[in-house]
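Student: everything below, folded, please.
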Amino acid sequence: MWGFDDEIANWLKYFTGELLPNKNLFSSSTILKELNKRVYIDEFPKRIVGKLLDFINKNKILIISDIIKGRGTLSADWILVTKFDVSIKSYSWILVDFNLAMNYFGSGDVRISPKGSLSIGKITMQRKGETPDPTSLQFKINPCGLFELENF
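Tutor: The predicted structure follows:
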């Protein structure tokens, strides 16, 4: 969908657990903690990490648009977020244009997170876990962050 080359695609399969690492994959200089488990991005060889980060940086707008807005006839124009404030027992809501939401969630660097996943601005890319499809990628956002935009 985004045009990863085969090398990046294979390493993302190690990250999701679709492929499991073997002794031939890692040299003694790598930091892989154990075989037969998924590989975190901070365990990828430095060359692959650089290649992945470069690819994400070059395609950041497309990737964020696909994650937040979607494509085609079903793509969204607005995002509605509601929250319940326990202290005052009241709901509040915000309606935000998707271009503004994409700018908000995409602001920030592309980097490896402290847990070995990938952060694209305020979006975290991680492996799905404990679901019927545990070897897929998922992207997480905190939609309540959009309430910070109310004052603009």
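
Student: now the residue nearest the centre of the chain: which helix or strand?
Tutor: The centroid of the chain falls nearest to M125 when counting by Cα atoms, centre = their mean (2.0 Å). In this structure, M125 is located in strand 123-127 according to DSSP states H and E.

Student: longest helix anywhere in the protein?
Tutor: The single longest helix within the chain, with elements called by DSSP state H, is helix 46-58.

Student: gap between it and the chain center?
Tutor: 14 Å (Cα atoms, centre = their mean, to the nearest Å).

Student: now the element after that helix, going C-ward?
Tutor: Sequence order places helix 60-68 as the next helix or strand after helix 46-58, per DSSP H and E.

Student: how about that next one: buried residues?
Tutor: 60, 63-65, 67-68 (16 or more other Cβ atoms under 10 Å). Placement of C-beta: from N, CA and C, glycine included.

Student: rewinding a little: from the contact counts, what lies against the very next helix or strand once past the strand holding M125?
Tutor: With elements assigned by DSSP H and E, the helix or strand that comes after strand 123-127 is strand 137-140. The contact analysis (3 or more Cβ pairs under 8 Å, 6 or more residues apart in numbering; DSSP states H and E) places strand 137-140 against helix 6-16, strand 123-127.

Student: with mean pLDDT added, can I get those in a markdown table?
Tutor: Formatted as a markdown table, the helices and strands packed on strand 137-140 follow (pLDDT from 0 to 100):
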| stretch | mean pLDDT |
| --- | --- |
| helix 6-16 | 91 |
| strand 123-127 | 91 |
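
Student: most packed of the ones you listed?
Tutor: Looking across those with neighbours counted as mean count of other Cβ atoms under 10 Å, the highest average goes to strand 123-127: a mean of 19.

Student: mind checking how far the closest residue to T135 other than its chain neighbours is from T124?
Tutor: Excluding its sequence neighbours, the residue lying closest to T135 (Cβ to Cβ, 6 or more residues apart in numbering) is E18, at 4.1 Å. According to Cβ to Cβ, to the nearest Å, E18 stands 19 Å off from T124.

Student: returning to that earlier point: dihedrals phi and psi, the residue nearest to T135?
Tutor: E18 adopts backbone torsions of phi -60, psi -40, taken as degrees, to the nearest 10.
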